[in-house]
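K.L.:
need a 3D model of the sequence below.
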Amino acid sequence: MSRRIRRRQRRQKRGIALILVLGALTLLTVMLTEFQDATSAELGNALSTRDELKAEYAAKSAVNLSRLLIAAEPTIRKGIAPLFMMMKMAPPQIPVWAYADRVLGAFNDKGGNAAFQQLAGVDMADGKNLGLKGAGFDVTIVDEDSKIDLNTAVPGDAFSSVRESTELMGLMAGPQYNPMFENRDTDGAYSDRQTICSALIDWVDPDQNAYNCAPNSGTAQQSAGAEDSFYRMLKKPYRRKNAAFDSLEELHLVRGISDQFWDTFIDPDPDDPDKRTVTVWSQGKVNVNTANAQTLLAVICAYGPDSPVCSDPSQAATFLMVLNGVKGFIHGIPVFGSPGAFVNSITSDQGLLGPALKIANIKPFVLKSKSELKKAVTTESKVFSIYATGYVKAGKRETRTRIHAVVDFRGAPPPGMGPGVASALEDLKNGQGGSGATTNSPQPTLGGLPNATQNAIASVLKPSPGGNIIYYRIN
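P.N.:
Prediction:
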């Protein structure tokens, strides 16, 4: 009997041991699986962070190279000056930024190298320390001076407000846009052309009175209403800014800027920022050589609203087709040598555009003031948006980082004539107040700062050949 009991006990113990072993194996499997998942996640995060950093620096590289390319444009212009002197013309600004993706291909990945090799006819295999390993970039440079500036009324003077209101009304003047202004907007209010125009000006001008956007009345009239009256009646009230727009996204806060208005006038194609007709970064004048056809038509109609092209959609379409055809025919060569040449071309059959308009049966524009239109346009661009996207491809995974930088080249010295920070810092290091000064000579001070310190600060604040970055955003 005792033997049976012992055998039964042994069998029971063997079953318990088997359960314990299986339980231990299960726990180990779960722990190893979790450890493997955690390790794989950490590895994935590390690789993703690494690729994001590489992509960001690839995009930064594209921004800096683009700044160098734009800064070199005056030097390139001097090289072709003799050709234009033979034609008794001043050399125009060369739109080198339009070819940035190919020109900068030498510093890009293999695809960019191939594009540059095709453009320049050189063998990239002979180059050293060129291109990016494991990363690349796409770059697009947009001329902000080719668009209508919504910050023109910032000074608050009558002339600036009239100019902006005139151009805005010209932009929205087409009868094909009538349905957009006949329905309620997202705030439940009706906003016609003058209301939206006034709201855009009131957002940036420094006064407290609502602007009467009536550019054809001859003078800028102020209404008796207050600028904030509309915004205070909203469900979540707020005040208008009374200062310049910092970005395009800020326009969503302005009365009447609906999604339809945004898609029509502000940003028609997010993938092609060159199609924008407005900007909040520019020198205030529209470059007639680089502006797209729609923007140019808006500017012309602002100063010649009675012209048939400004009221007849079919004539407007013909004008846009002719202008695009002329620009396509000359392959990027500036059409107008000066603002005066532009005005003469649209008011007569002279220049490159005038004869083409005559063939298309478009009558010369009748302007209310040729001099005012000349003041509102230019043929020299100084402010540019650089859209640079850095990318890293690793198997099926692709990491992309986009940088949008706006660079102002007004007052920028040519390359090689930089701010001289190194020499100023050397003076500061040696305790000198400038060339020829000794450590024993008295150092004049201003505000308690030694002269050498003042020189160093002043040198840093001087314009850079690469322009001044006034807007920077990383996505």
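
K.L.:
poorly predicted segments of the stretch 201-350 of the chain, please.
P.N.:
214-228, 332 (pLDDT under 70).

K.L.:
and if you look at the stretch 51-200 of the chain?
P.N.:
Ranges of the stretch 51-200 of the chain meeting pLDDT under 70: 87.

K.L.:
the same query, at a cut-off of 80, please.
P.N.:
80-81, 83-90, 119-132, 155-159, 174, 184-189 (pLDDT under 80).

K.L.:
which residue ranges make up the domains of the protein?
P.N.:
Here the domain parsing of the chain from automatic domain parsing is 148-378, 411-474.

K.L.:
could you export these as TSV, including distance to Asn45?
P.N.:
C-beta coordinates here come from the backbone N, C-alpha and C atoms, glycine included. Converted to TSV, these look like this (distance: least, C-beta to C-beta, whole Å):
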stretch	distance to Asn45
domain 148-378	29
domain 411-474	19
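
K.L.:
most tightly packed of those?
P.N.:
Greatest average neighbour count among the domains of the chain goes to domain 148-378 (a mean of 18), per mean count of other C-beta atoms under 10 Å.

K.L.:
and the contacts of stretch 55-74?
P.N.:
Residues external to stretch 55-74 that are found in contact with it (C-beta atoms under 8 Å, 6 or more residues apart in numbering): 93-94, 96-97, 100, 103-104, 107, 132, 135-139, 141, 384, 386, 388-392, 399-403, 405, 407, 409, 412, 414-415, 465-467, 474.

K.L.:
run the last query once more with 7 Å
P.N.:
93-94, 96-97, 100, 103-104, 107, 132, 135-137, 139, 141, 384, 386, 388-392, 399-403, 405, 407, 409, 412, 414-415, 465-467, 474 (C-beta atoms under 7 Å, 6 or more residues apart in numbering).

K.L.:
now the residues you listed: which count as buried?
P.N.:
By neighbour count, with 16 or more other C-beta atoms under 10 Å, the contacts of stretch 55-74 hold 93-94, 96-97, 100, 103-104, 107, 132, 135-137, 139, 141, 384, 386, 388-392, 399-403, 405, 407, 409, 412, 465-467 as buried.

K.L.:
ranges for the strands of the stretch 101-250 of the chain?
P.N.:
Taking DSSP state E, counting those that start in this stretch, the strands of the stretch 101-250 of the chain run over residues 136-143, 148-149, 209-212, 221-226.

K.L.:
which secondary structure elements does the longest one contact?
P.N.:
Read that as strand 136-143. Under the contact criterion of 3 or more C-beta pairs under 7 Å, 6 or more residues apart in numbering; DSSP states H and E, strand 136-143 touches helix 2-71, helix 100-103, strand 383-394.

K.L.:
partners of it, with directions?
P.N.:
Applying DSSP bridges, strand 136-143 is found paired with strand 383-394 (antiparallel).

K.L.:
return the next helix or strand after the partner strand as CSV; C-alpha atoms alone will do.
P.N.:
Using DSSP states H and E, the helix or strand that follows strand 383-394 in sequence is strand 397-408. Output in CSV follows, covering the C-alpha atoms of strand 397-408 (Å, rounded to 0.1, in the frame of the first residue of the first chain):
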residue,chain,number,x,y,z
ARG,A,397,11.4,54.4,-45.1
GLU,A,398,11.8,58.1,-46.1
THR,A,399,12.2,60.9,-43.7
ARG,A,400,11.6,64.5,-44.8
THR,A,401,12.1,67.8,-43.1
ARG,A,402,10.9,71.1,-44.7
ILE,A,403,12.3,74.6,-44.0
HIS,A,404,10.6,77.8,-45.1
ALA,A,405,13.0,80.8,-44.8
VAL,A,406,12.3,84.3,-46.0
VAL,A,407,15.5,86.3,-46.8
ASP,A,408,15.7,90.1,-47.3
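
K.L.:
of the strands of the stretch 101-250 of the chain, which approaches Val299 most closely?
P.N.:
Of all the strands of the stretch 101-250 of the chain, strand 148-149 sits nearest to Val299, with 7.2 Å by C-beta to C-beta.

K.L.:
which strands border the closest one, and is each parallel or antiparallel?
P.N.:
strand 278-279 (parallel).

K.L.:
which other residues reach the next helix or strand after the strand it pairs with?
P.N.:
Counting by DSSP H and E, the element after strand 278-279 in chain order, helix or strand, is strand 286-287. The contact list for strand 286-287 (C-beta under 7 Å, 6+ apart) reads 143, 145-146, 148, 295, 299, 376-379, 381.

K.L.:
just name the closest of those residues to Ala210, please.
P.N.:
Nearest to Ala210 among these, with distances taken as C-beta to C-beta, is Ile148, at 21.3 Å.

K.L.:
Ala24 versus that closest one, what's the distance?
P.N.:
To Ala24, Ile148 is 75 Å away according to C-beta to C-beta, to the nearest Å.

K.L.:
just want the most central residue of the chain.
P.N.:
Ser385 (3.0 Å; C-alpha atoms, centre = their mean).

K.L.:
residue contacts, it?
P.N.:
142, 144, 273, 404, 406.

K.L.:
can you pick the most crowded of those residues?
P.N.:
Glu144 (27 neighbours; other C-beta atoms under 10 Å).

K.L.:
thinking again about what came up before, now the helices and strands packed on strand 136-143 as CSV including distance to Pro313?
P.N.:
Shown next, in CSV, are the helices and strands packed on strand 136-143 (distance: least, C-beta to C-beta, whole Å):
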stretch, distance to Pro313
helix 2-71, 37
helix 100-103, 35
strand 383-394, 30
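
K.L.:
nearest to Gly174 among those would be which one?
P.N.:
strand 383-394 (25.9 Å).

K.L.:
fine, thanks again, bye for now.
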